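*Asks:* Need a 3D model of the following:
(one chain, ligands or ions: 1)
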Amino acid sequence: MEGMKMGRMIRMGVLGVWTAGVVFFLCSCRKPLPNSSREDKPRTTAERAESAAAVPERSARWNRPRTAERQRERMQMVNRIRQDYGLTDERVLEAMQNVPRHWFVPASQQAYAYLDSPLPIGYGQTISQPFIVAYMTSVLKLEPNERVLEIGTGSGYQAAVLNEFTPHVFTIEIVRPLAERAIETFAKYGYETIQVRIGDGYKGWPEAAPFDAVIVTCAPDEIPKPLLEQLKPGGRMIIPVGSEWGVQELVLVEKDSRGDIRRRSVMPVRFVPLIREKE
Ligand code: SAH
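*Replies:* Numbers count the residues shown, from 1 in each chain. Sure thing, here's the model as predicted:
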């Protein structure tokens, strides 16, 4: 009798140790948290944006999200850009065909997502007209793996179009709620490599520089010096320049291999002004 009791106690003890071992093993096998430790992980989207530069680029996967939704409307939009404006850059037209503009347009504007027109996105800002997005992208002549900086994230649509060409897209937005919404849109649809910073784009993004291309989607009075400095030799910048209510011109800036700057005006435009951060 005693012997049986002893035997059962030993068996239960072995079972207990075995169970504890399995539990410990399972716990230690849990996937490590991405982006180092839990404490380092930013808690809000804003903090995530601010620490974006610190995130190693290889930890994210270059995705070019797709949907068949509203495909026909996109095709009509692209045909208009080709026929009405004579833009024939097939790589850019394909990018415009691929990126669902309606993902970036607020609910109240959904019906108009594929009109060739700028649309309000809140906070007094607008998503640019599709032709302008196509044109500005085209003159940048992006090659695979080039680094591109955008000033004025807005809805995130232009950044998504740039993401069709390269995973190295950096974009800065000064209006925090707009930046946060763009970050959420990128996360929702799986744009993993676009990096967003909240702040004054006038100063560029020195930690991520130099850039092969810079695209500015809000208008300063003069070309910001830091942006010129952060352009690589051989780099291109497209930027609207001029006052809020006066004449604005779209300027193409090219930096040659010796670092000399050439600028030429390509068309009259109307963009929202570049706002400066209060010092
Ligand atoms: N590229 C955007 C269009 C944005 S409209 C899109 O595809 O939707 C211009 C944007 O520039 C606005 O969102 C505005 O808030 C932002 N902006 C204005 N001044 C800025 C600055 N100094 N730095 C960064 N963004 C700025």
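*Asks:* give me the number of residues near residue 132?
*Replies:* 21 (other CB atoms under 10 Å). (C-beta placed from N, C-alpha, C; glycine too.)
*Asks:* Tell me how far it lies from residue 92.
*Replies:* 12 Å (CB to CB, to the nearest Å).
*Asks:* For the helix or strand containing residue 184, list every residue counted as buried.
*Replies:* Following DSSP states H and E, the helix or strand that holds residue 184 is helix 176-189. By 16 or more other CB atoms under 10 Å, the buried positions in helix 176-189 come out as 178, 179, 180, 181, 182, 183, 185, 186, 189.
*Asks:* cool, stretch 264-279 as well?
*Replies:* 269, 271, 272, 274, 275.
*Asks:* Any idea how far that stretch is from the middle of the chain?
*Replies:* Averaging C-alpha positions (CA atoms, centre = their mean, to the nearest Å) puts stretch 264-279 20 Å from its chain's average.
*Asks:* hmm, who's touching that stretch?
*Replies:* Contact partners of stretch 264-279, identified using CB atoms under 8 Å, 6 or more residues apart in numbering, comprise 124-126, 128, 132, 135, 139, 151-152, 174, 199-202, 216-220, 224, 240, 243-244, 247-252.
*Asks:* how near is residue 140 to the ligand?
*Replies:* Look at residue 140 and the ligand: by CB to the nearest ligand atom, to the nearest Å, they are 13 Å apart.
*Asks:* burial of that residue, as a residue count?
*Replies:* Residue 140 sits with 21 neighbouring residues when counted by other CB under 10 Å.
*Asks:* What residues are bridge-paired with the nearest residue to it once chain neighbours are set aside?
*Replies:* Spatial nearest neighbour of residue 140, chain neighbours left out: residue 213 (4.4 Å); criterion: CB to CB, 6 or more residues apart in numbering. For residue 213, the beta-bridge assignment (DSSP bridges) gives partners residue 148, residue 236.
*Asks:* Would you mind measuring from residue 213 to the ligand?
*Replies:* Distance from residue 213 to the ligand, by CB to the nearest ligand atom: 14 Å.
*Asks:* Spell out which parts of the chain neighbour the ligand.
*Replies:* Contacts of the chain with the ligand, taken as CB under 6 Å from any ligand atom, map to 125-128, 151-152, 154-155, 157-158, 172-175, 178, 200-202, 217-218, 272, 274-275.
*Asks:* All set now, cheers.
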